[in-house]
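1. Provided below are the primary sequence and the corresponding predicted coordinates.
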There are 2 protein chains.
Amino acid sequence: MAKRTVYCGLIGEELVGQEIVLKGWVQRRRDLGGVIFIDLRDREGIAQVVFNAENLPAEQMEAADHLRSEFVVEVKGELVLRDEDQVNPKIPTGRYELMANNLVVLAKSQTPPIYVEDEIDTDEELRLRYRYLDLRRKPMFDNLRLRHTVVQTVRQYLNDTNFIDVETPSLTKSTPEGARDFLVPTRREAGKFYALPQSPQIFKQLLMGAGIDRYYQIVRCFRDEDLRGDRQPEFTQIDIETSFLEEEDIQAITEEMLKHVVKEARGLDLTEAFPSMTYEQAMSEYGSDKPDIRFDLKLIDLTDSVKGTDFGVFKGAIENGGQVKALNLKGLADEYTRKTADDLLNVVKPYGAKGLAWAKVTEDGFTGPIAKFFKEEAAYNSIAGPSQAEPGDILFFMADSAKVVADSLGELRNYLGKAHQLYNPEELAFVWITDWPLLEFDEEAGRYVAMHHPFTSPQNNDVAALKAEPAEALARAYDIVLNGYEIGGGSIRIHTREMQEEMFDLLGFTPQQAEEQFGFLMSAFDYGFPPHGGIALGLDRLVMILAGEPNIREVIAFPKTGRGIDPMTEAPSTVDRAQLKELNLTVRRLRESKEKK
Amino acid sequence: MAKRTVYCGLIGEELVGQEIVLKGWVQRRRDLGGVIFIDLRDREGIAQVVFNAENLPAEQMEAADHLRSEFVVEVKGELVLRDEDQVNPKIPTGRYELMANNLVVLAKSQTPPIYVEDEIDTDEELRLRYRYLDLRRKPMFDNLRLRHTVVQTVRQYLNDTNFIDVETPSLTKSTPEGARDFLVPTRREAGKFYALPQSPQIFKQLLMGAGIDRYYQIVRCFRDEDLRGDRQPEFTQIDIETSFLEEEDIQAITEEMLKHVVKEARGLDLTEAFPSMTYEQAMSEYGSDKPDIRFDLKLIDLTDSVKGTDFGVFKGAIENGGQVKALNLKGLADEYTRKTADDLLNVVKPYGAKGLAWAKVTEDGFTGPIAKFFKEEAAYNSIAGPSQAEPGDILFFMADSAKVVADSLGELRNYLGKAHQLYNPEELAFVWITDWPLLEFDEEAGRYVAMHHPFTSPQNNDVAALKAEPAEALARAYDIVLNGYEIGGGSIRIHTREMQEEMFDLLGFTPQQAEEQFGFLMSAFDYGFPPHGGIALGLDRLVMILAGEPNIREVIAFPKTGRGIDPMTEAPSTVDRAQLKELNLTVRRLRESKEKK
């Protein structure tokens, strides 16, 4: 083989008149009166190649004639400027063409089952089955390259700020807290299993105990959860831990790192500090702990102002200790008919909403189903005042428990923001969410569960206070949210045995269970363990947002489907009986079916 | 907490006279007539801190008095120059001390179970159980930092040369070829399993099919093998794949990358090209496919020259189609008595050697057990000529099958090289081993197995030739060896369905088995698959050698023991019955014990 001199997409002025060698895939072939043109594609772009009987031996001309889409070829020849009327201004290489004097067909191709075009309308399962073809498409390659850029930028920034990249194990110990573990049986002892890490949480804390001071890792993590659009059984985390730093230090490092990423990935200079709001404020004003602050449309609390109302729905909710809140979709009343406004109930129903009241604002007061209850000036003002209603607005109301109100209106807010393009989709709006509750009460389990994880420090570093009023405790935790997605979260950790034991006690561990599962961590606290904290960011989701993609599968080279399957390799698959025997395992199904016989 | 202004180990001239804040661990505490001195340690080094009643409130002086090893403290005060006679020239900060005016005890410590000193003589299991203490020791931190440097240098070099870092899955499909897989059961379908990747081999090849052109990844891999000193169940690989390049291109990239690594890790400029030798030459001259070329001591082939000998051992071996080879340990005859020379048999016995003949060279010919067979001048010269024997040399002979001769003398060569320090332990001697056999015949299995892996291309790209004489086929494979360790290996891959099918056929796969296991790869070959090849390097082993450590556990933060156990977390461990039930698995041991009842 001749050596490639340049990528197809990078040919330029300086090569004109030179003999060059290109290698790549045939994107398109045209025969114009015996002269054959191909668009030759590699990862950097497209170059036009011309095969002309004057320049090529007959058998190569014949081969050129037989070229088809996705054949892999090596071509040699002089790079020339195209005639003015042949210039294609749409592509960077559109002024040049290669006059081939040599052609080598490196690989042939059958007709590919999916088109290698920027825009395709192909079933995702088929794209995943032929992922190697799907990844040949420029938007997919651009996603992988963007991911590469993000990762390298993160590394560069952290390397430059004294962080040390330390690898932690993938074969770890199973712990009952958190999501479901993936297990890995060992053949060395029957009934024993490793677990794949849900995060390197404990190892990174132990690295602080080891004096590493500033740790990072871009690391594969695993959760055996039911998969949603933006979840995968394996995912990649930017994992950071530091000693001796406070919340604001860790947030500052993260913020600076993300600004570097945005600069490299998008060419944007984010100069302002990221805004910050408390969990309480986020829930109250946005109905979400991951608010999309690219647009306003805040939740307006009417609970106090409509207290005297006769409207049964509002009255009932308030009497039951609930809330009345509204969204004011300013100036868009005309976009809604009675039917389309009523239909928005479907958006909020999954969040427990039993109804969705709405009213349009006109010069003469409200119109719509609930208008009749707010005809009087005082009644009208009880809503119009706080919501700054003006003619042309449409208001949506939710009256229910605080949770249903927040969840429903939070979702409706996102829905309306998207439906009416209330934001610039190119904008990147980061926001910190702070002052999280430490615990939440799990009604089903009848006990507290950690809002972040059991290693998060309470703000009030007082064991007795925590024990006395666990529900009141706030956590030294912070989430970073981008465009309505939680892209990361972190905290200052507990670093004393006393507090950690109290925490496990609150979470319903017996002292024996706590010791059995996490004794090694609490032992470590006995030997001079520094105050420490960190953060973890979801790489897949971050890249997804930066790429403007709707789901993380578009930024993962070989993702799995919603059922955890790789349609290409057909993993997971059955294995040899001998393998299972070595692992001292029996598949229960087989046994049951035997029993039935 | 006050903010740290500088690491202990980095205080210097420019801070003298300033108030600074240090945070770290108490390495040592001395009370000199009511003035308390501590050595304060952080990851960058040691600083001396002085607590004097003149500068500190009484309760802080009291606290200083109670400081013990491994307490974590924050100290504030002025950095001053020590009196001339107090200067400690042994440490970089030995000219300074901090006159503390504030002390905060951040964490206390019990007496640690292992000393946090550079040199310790502690059982490795204890070191692993308290790994967070073990890693506080400077040599261990230095190892982790070295690893960080190596990884970042590799990334930098590859980023700068157009490689793209692409992540491949960890939950993959189990394949029967190669080492034993670690399996991960899925709860979604009884009897189905993912496998953890032994390497991303097929995925990186598919990325070439996807047009990525230059891929790399520093990636965790898994092999459920019996563990040796330099093996771990999980290990990290520098994984590289390229399209359209030939062996020498990939070797050149790898070589350049390694030179960058050596420069950054060791400060050494390796200017010469790495030497290269064929597999045949390595086996013949060094008795090893991973020769340590830091020293000469080559195997000398005497088979032809001693053909006429009366010495039965030589004669018998030659008559059986074997070889006679020798090592000439020049000038070191006096180091050996008859007993110590005879004792070297123990070195070679495990490799099948039935005896180890030796002879010292004197002015009067050979002495030693076999001297009597080589008294005549011609007989003497048949050995002394080829081995360039001179008085003072001692020769060791092996006469057996080619395999036993190579294995035994290869091992003896390494043993003698080490025993007599025939090399500079600081030297880094890289060598390429090329022209490997494609296949080797596995007597036990009664079939061929791939010497590298089933995706390696034969040198002669001719399916018919391969089918006709598989044993003769050489592979387009290359290993990179450093100081007698194989640190990496790679090859040009097969990229056509026809050749890959032939390969699987030779390896004993039925067409159905080949299709079931690797059908997706062979399908990919149908759609324009470029010629490609790459290499994979073992990061752990590379760092181990650069760190001068005897085993890879010293360069892994949380390694496992030889039995695959983490003594700290006690992984692997038993799991809840409910977890197994969800996975549709039964542990066989439990069932058997039931049956016994």
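-> Received it, and whenever you're ready, just let me know what you need. Quick caveat: nothing in here was measured; it's all calculated off a predicted structure. Numbers count the residues shown, from 1 in each chain, chains lettered A, B, ... in the order given.
2. and the stretch 401-550 of chain A, which of its residues are near chain B?
-> With the criterion set to CB under 8 Å from any CB of the partner chain, the stretch 401-550 of chain A comes near chain B through A:H495, A:T496, A:F520, A:A524, A:F525, A:D526, A:Y527, A:G528, A:F529, A:P530, A:P531. Backbone N, C-alpha and C define where each C-beta goes, glycine included.
3. Looking at those residues, spot the one nearest chain B.
-> Using CB to the nearest CB, A:G528 comes nearest to chain B of these, at 3.6 Å.
4. Am I right that the closest one is in contact with B:V72?
-> Yes: when contacts are counted by CB atoms under 8 Å, A:G528 is listed as touching B:V72 (4.7 Å).
5. shared neighbours of these two, anything?
-> In terms of CB atoms under 8 Å, 6 or more residues apart in numbering or on different chains, A:G528 and B:V72 are both contacted by the residues B:W25, B:V26, B:A107, B:S109.
6. Tell me which two in these are the farthest apart.
-> In terms of CB to CB, those reach their longest pairwise distance at B:V26 and B:A107, which sit 10.5 Å apart.
7. intersection of neighbour lists for these two?
-> A:G528, B:F71, B:V72.
8. Could you list which of those residues belong to strands?
-> B:V72 (DSSP state E).
9. can I get the shared contacts of B:V26 and B:A107 in CSV with neighbour count and distance to B:T337?
-> As requested, the shared contacts of B:V26 and B:A107 are exported to CSV (neighbours: other CB atoms under 10 Å in any protein chain shown; distance: CB to CB, whole Å):
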residue, neighbour count, distance to B:T337
A:G528, 28, 53
B:F71, 21, 56
B:V72, 25, 57
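10. circling back to that earlier point, filter the residues of the stretch 401-550 of chain A next to chain B down to the buried ones.
-> Neighbour counting over those (16 or more other CB atoms under 10 Å in any protein chain shown) leaves A:H495, A:T496, A:F520, A:A524, A:F525, A:D526, A:Y527, A:G528, A:F529, A:P530, A:P531 as the buried ones.
11. C-terminal to the helix or strand hosting the fourth one, what's the next element?
-> Secondary structure assigned from DSSP states H and E places A:A524 in helix A:511-525. Using DSSP H and E, the helix or strand that follows helix A:511-525 towards the C-terminus is strand A:532-538.
12. tell me the average confidence for the helix or strand following that next one?
-> Using DSSP H and E, the next helix or strand after strand A:532-538 towards the C-terminus is helix A:539-547. Mean pLDDT, helix A:539-547: 97.
13. partners of the longest strand along chain A in the sheet?
-> Ranked by residue count under DSSP E, the longest strand found in chain A is strand A:19-32. Within its sheet, strand A:19-32 is paired with strand A:35-42 (antiparallel), strand A:72-81 (antiparallel), according to DSSP bridges.
14. Deepest-packed of those strands, please.
-> Most buried of the strands paired with strand A:19-32, by mean neighbour count (mean count of other CB atoms under 10 Å in any protein chain shown): strand A:35-42, with a mean of 22.
15. Distance from the chain centre to it, please.
-> Distance of strand A:35-42 from the chain centroid (CA atoms, centre = their mean, to the nearest Å) equals 38 Å.
16. Quick check: what element follows it along the chain?
-> Under the assignment DSSP H and E, the closest C-terminal helix or strand after strand A:35-42 is strand A:45-51.
17. and the angle from that following strand to strand A:72-81?
-> 80 degrees (axes from the mean of the first three to the mean of the last three CA atoms, to 10 degrees).
18. Check which helices and strands strand A:45-51 sits against.
-> Here strand A:45-51 touches strand A:19-32, strand A:35-42, helix A:58-65, strand A:96-107, going by 3 or more CB pairs under 8 Å, 6 or more residues apart in numbering or on different chains; DSSP states H and E.
19. List the contacts of the residue in the stretch 301-450 of chain A positioned nearest to chain B.
-> Using CB to the nearest CB, the closest approach of the stretch 301-450 of chain A to chain B is made by A:A445 at 14.2 Å. Counting by CB under 8 Å, 6+ apart, A:A445 touches A:G508.
20. Secondary structure element for it, which one?
-> Per DSSP H and E, there is no helix or strand for A:A445.
21. just for the stretch 51-200 of chain A, where's the confidence low?
-> Residue ranges of the stretch 51-200 of chain A with pLDDT under 70: A:177.
22. In it, mark out all the strands, start to finish.
-> A:72-81, A:96-107, A:164-165, A:183-185, A:193-195 (DSSP state E, counting those that start in this stretch).
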